[in-house]
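In: Below are the sequence and a predicted model for it; my questions follow.
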Amino acid sequence: MPVERFRSGEEMNAAPVRVAAANSFERFVRHCSRYWRIFPRRYPRGVFKFRTIEEAQAARDRVVRAGSGPAR
C-alpha cells in the first residue's frame, strides 16, 4: 500500500479506506496454519469405547487437562 500524506485531520478522515479484499482469506489461512504449527492438537491414539456419555466426557476432560488444547 502506498503512503499518503494529509494536511489536516479532516482531509485524512475524508480519504477512502484502502482494503485489499482479495488477500483477506489467504491472510486468514496463513494465520491458521501458523497457529496450528505453534500449537498442534495431540489426541491419544486408538479407538475408545465408552459405556456412558459421562465416561466419554470424563475422558475428554482428562485429555483437555493434559494440555492437548481445546476440545471440540
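Out: On my side now, so go ahead.

In: Might you report the residue contacts of the residue nearest the centre of the chain?
Out: Taking CA atoms, centre = their mean as the criterion, residue 32 is the residue nearest the geometric centre of the chain, at 5.1 Å. If a contact means CB atoms under 8 Å, 6 or more residues apart in numbering, then residue 32 has no contacts. C-betas here are computed from N, CA, C, even on glycine.

In: Please renumber the chain so that the first residue is 22 from this point on.
Out: Okay, using 22 as the starting number, the last item reads as residue 53.

In: Work out for me the element it sits within.
Out: Assigned by DSSP states H and E, residue 53 belongs to helix 45-59.

In: ok, residues contacting the helix or strand following that helix?
Out: Proceeding N to C from helix 45-59, the next assigned helix or strand is helix 74-84, under DSSP H and E. Helix 74-84 is contacted by residues 64-65, 69, 71, 92 when judged by CB under 8 Å, 6+ apart.

In: Any regions of this structure where pLDDT drops low?
Out: Along the chain, segments meeting pLDDT under 70 span 22, 40-43, 88-93.

In: Look at residue 51 and say how many residues are nearby.
Out: 11 (other CB atoms under 10 Å).
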